[in-house]
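Peer 1: The sequence and its predicted three-dimensional model are supplied below.
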Amino acid sequence: MIRHSESNRYARIEFVALLAAFALFLSTVEYLIPKPVPFMRIGLANLPLIIGLGILKDREYIMLAILKVLGQGLVTGTIFSYIILFSLGGTIASALVMYLLYRFGKRWISLVGVSIGGAMASNCVQLLLSQLILFGAAARLIAPPFLIVGLITSIILGIFAQQFVQTSSWYRAELEKRS
């Protein structure tokens, strides 16, 4: 017989798996959108990470970020290529910045600001990696459009996430389970 604490643990793992599946779905949708450079994405798969900030424990949040990277690598077929470094570096930087902004600044920073911070961290790490691995000094040429697209898409994702957490009865129920 499964005890309540074990049952709760399995429910939490299933919840992380659900968010990871959502990230995988969004990665698949995003994969269909043409990209000027292979590592440039609009960040749709970050939506579960943004939404998860308020309802996941620290370890669960880290697990979700790792599952997102692995899922994207599987969907795009880049799991064993240098492109996975861009995804891993960008996701770690983004997740860390979003986590810190949310945990220590949520009184002053909305999910839009959290999303922007995460996107800029991801983009800066990816630009650094593109300079080191692909383009050398010429990486500065892709920086302006890369950062502008990241800013615009992060604002849109942040607005969506903010609306979702404010209006979703599902999210409210998950929040109540965790408090």
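Peer 2: Great, that's in hand.

Peer 1: distance of Ile156 from Ala23?
Peer 2: 17 Å (CB to CB, to the nearest Å). (Glycine included, C-beta is placed from N, CA and C.)

Peer 1: out of the two, which sits in the busier spot?
Peer 2: Ala23 (26 against 15; other CB atoms under 10 Å).

Peer 1: so where does the more buried one fall, helix or strand?
Peer 2: helix 4-31 (DSSP states H and E).

Peer 1: Now find how far off-centre that helix is within its chain.
Peer 2: Centroid displacement of helix 4-31 relative to its chain, using CA atoms, centre = their mean, to the nearest Å, is 13 Å.

Peer 1: go on, stretch 145-158?
Peer 2: 13 Å.

Peer 1: can you pull the buried residues of that stretch?
Peer 2: For stretch 145-158, the neighbour count (16 or more other CB atoms under 10 Å) marks Phe146, Val149, Gly150, Thr153, Ser154, Leu157, Gly158 as buried.

Peer 1: Next: stretch 63-82.
Peer 2: Counting neighbours by 16+ other CB under 10 Å, one finds that the buried residues in stretch 63-82 are 63-65, 67-73, 75-76, 78.

Peer 1: closest to Pro34 among those residues?
Peer 2: Lowest distance from Pro34 to the buried residues of stretch 63-82 (CB to CB) belongs to Thr76, with 13.2 Å.

Peer 1: Excluding chain neighbours, what is closest to that closest one?
Peer 2: Distances taken as CB to CB, 6 or more residues apart in numbering put Tyr31 closest to Thr76, at 5.6 Å, once the chain neighbours are dropped.
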